[in-house]
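>>> just need the structure, nothing else, for what follows:
(chains A, B and C)
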Amino acid sequence: MELILDIFTGICFFIGSLSIIIGACGLIKLPDVFSRIHAAGMIDTAGTAFFILGMIFQTGWSLITVKLILIGVFIFFTSPVTSHVTANLARQKNILPVGKKIGKIL
Amino acid sequence: MFLAGLIACAITGILILVRIILGETTFDRILAVNSLGTVIVIGISLHGFYSNRPEFLDIAIVYALINFIGTVAVLKLFSSGSLGGDK
Amino acid sequence: MKSLILFFILLTLWLLMSGYYNILLISLGIISCAFCVFVAKRGKIIDDEGLPIFFMPRLLNYLIWLFKEILMSNLATAKVIINGNVEPETFTVKASQVTDVAKVTYANSITLTPGTVTTKMQKNIFEVHALNSDFGNDVRTNEMDKKVTWLEGKK
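The predicted structure is shown next:
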């Protein structure tokens, strides 16, 4: 039983590590601010979700599980707000995204 | 296993620091600092499990909240030149 | 009524976070939760937007769908970053929700799925930035818009 949980934790940590490293590579590689926000969103959603899932497999049911879920909920609600505020402010300061524009832009 | 996760967090942190140093505009740097905060939250929780003291999770919760409030406050200061009230 | 619900949510949070159950700490918790509710009431932030109860019956169904969507688009974003076929595009979509809370939920759901970000909004028109034309087509089919309108349940 212990071994199965360890294997699940290992798989979750592996996927989480892969996604945060890919996200950081995207943060370096992509061309402008608006594209980099997508990579940062990947770190915020997939990375934290898989790491927290892996740690939940290790604890079982206790107060620590509740705290882990609370960290996940906080990051889940605050991450889109930060992304949107950054993008909105960059647009207000007249930074235009690269790439094509379809139709009329606000 | 937890050590492997910590090493992955360290590599990610170094890659994000490269973006903070290179960053062309202010927004790149703010975005990268926010991502670094998220990675640090994961790192604090992992370190708590690695050293068998899960009480570190309280610090991780506080760090997540302060990271959000700090980012929004810096962006607000950058946009309007004051943190609220009369300007 | 809403302040009472807020008080019990805060008290549950206190009890879960502290882990020590004796008379002194629980009474301190009750006092601080009551003070928080008093400050929130004085600041007039307890209204429909602060605690959207009309979402609750259908929220679980929506969240499961949203998690599935986030997982799929994470895979697609990872593929795009590795392959490097980045063709960013910017376009506008129309939101068909009535209340402000539902519009915010729709904009946040778009931002939360990696690959699409709302950059600006005026009344009910959102400006969306997508990493690739595949992500753009996902938003332009209005599937998420219909889901959020169903979640709002005003029609």
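>>> buried sites along stretch C:39-47?
Across stretch C:39-47, burial judged by 16 or more other C-beta atoms under 10 Å in any protein chain shown covers C:40, C:46. Quick note: C-beta positions are derived from backbone N, CA and C, even for glycine.
>>> anything in stretch A:3-12 near chain C?
No - using C-beta under 8 Å from any C-beta of the partner chain, stretch A:3-12 stays clear of chain C, with a minimum separation of 13.1 Å.
>>> does that stretch reach chain B?
Yes - judged by C-beta under 8 Å from any C-beta, stretch A:3-12 comes into contact with chain B through A:6, A:9-10.
>>> go through that stretch and flag the buried ones.
So, applying 16+ other C-beta under 10 Å, buried residues of stretch A:3-12: A:9, A:12.
>>> how many other residues sit next to residue B:30?
Burial of residue B:30 is recorded as 23 neighbouring residues (other C-beta atoms under 10 Å in any protein chain shown).
>>> so of the residues of stretch A:3-12 next to chain B, which ones are in helices?
A:6, A:9-10 (DSSP state H).
>>> and the residues you listed as TSV, adding pLDDT?
Putting those into TSV (pLDDT from 0 to 100) gives the following:
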residue	pLDDT
A:6	90
A:9	91
A:10	92
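>>> apart from its chain neighbours, what residue comes closest to whichever residue of chain C sits closest to chain B?
Per C-beta to the nearest C-beta, residue C:17 is where chain C lies closest to chain B, at 7.7 Å. Nearest non-adjacent residue to residue C:17, counting by C-beta to C-beta, 6 or more residues apart in numbering or on different chains: residue A:67, 7.1 Å away.
>>> ditto for residue C:49
residue C:101 is the one closest to residue C:49 (C-beta to C-beta, 6+ apart), at 5.4 Å.
>>> packing partners of the helix or strand containing residue A:14?
Per DSSP states H and E: residue A:14 is located in helix A:2-29. Judged by 3 or more C-beta pairs under 8 Å, 6 or more residues apart in numbering or on different chains; DSSP states H and E, the packing partners of helix A:2-29 are helix A:33-42, helix A:48-59, helix B:2-22, helix B:26-50, helix C:56-83.
>>> just those helices: most buried one?
Stretch with highest mean neighbour count among those: helix A:33-42 (a mean of 26; mean count of other C-beta atoms under 10 Å in any protein chain shown).
>>> now it against helix C:56-83, angle please.
120 degrees (axes from the mean of the first three to the mean of the last three C-alpha atoms, to 10 degrees).
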